[in-house]
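Just need the structure, nothing else, for what follows:
(one chain, ligands or ions: 1)
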Amino acid sequence: MRCTRCGYRGKPRPEPLWLLLVTVGIWIVPLAFLAFGYWPFLLLPAIAVTVWAVFAIHLQCPACGAPRGAKNSASRTR
Ligand SMILES: [Zn+2]
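Numbers count the residues shown, from 1 in each chain. Here you go, the predicted model:
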């Protein structure tokens, strides 16, 4: 993959990265409860955060910050 704005070659970075870490981290709790045979607490919040992360996290160029993989990147200004 190559950045269309600056021509950077390399892996795009998921942004925001902390949301990705939170999403992974919040699944540890219900999965740990499931592993010990208990009702998975935090399962619904984990699903909610995952849905939020799917919509919020996007890949962007680590060099210039241009979004990657978006077909109409111009309309995604926030
Ligand atoms: Zn770039």
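
I figured residue 5 hits residue 66, correct?
Yes. Contact criterion Cβ atoms under 8 Å: residue 5 and residue 66 qualify, at 4.1 Å. Where you see a C-beta, it was placed from the backbone N, CA and C, and this is true even at glycine.

any common contacting residues for the two?
Among the neighbours of residue 5, none is also in contact with residue 66 (Cβ atoms under 8 Å, 6 or more residues apart in numbering).

what about residue 19, helix or strand, and which?
Using DSSP states H and E, residue 19 sits within helix 17-35.

quick one: low-confidence parts of the chain?
Applying pLDDT under 70 to the chain picks out residues 69-78.

any idea where the helices of it begin and end?
17-35, 43-56 (DSSP state H).

any chance of the ones you listed in TSV, plus distance to residue 9 and mean neighbour count?
Formatted as TSV, these follow (distance: least, Cβ to Cβ, whole Å; neighbours: other Cβ atoms under 10 Å):
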stretch	distance to residue 9	mean neighbour count
helix 17-35	21	14
helix 43-56	26	13
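
Including distance to residue 10, could the ones you listed go into JSON lines?
Below are these laid out as JSON lines (distance: least, Cβ to Cβ, whole Å):
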{"stretch": "helix 17-35", "distance to residue 10": "16"}
{"stretch": "helix 43-56", "distance to residue 10": "23"}
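
Residue 68: how many residues sit nearby?
By the measure other Cβ atoms under 10 Å, the count of residues near residue 68 is 21.

show me what contacts residue 24?
Contacts of residue 24 were listed using Cβ under 8 Å, 6+ apart, and none were found.

which parts of this protein sit against the ion?
3, 5, 6, 8, 61, 63, 64, 66 (Cβ under 5 Å from the ion).

burial measure for the fourth one, as a count.
So that's residue 8. By the criterion of other Cβ under 10 Å, residue 8 has 17 neighbours.

so how far is residue 34 from it?
Residue 8 sits 41 Å away from residue 34, going by Cβ to Cβ, to the nearest Å.
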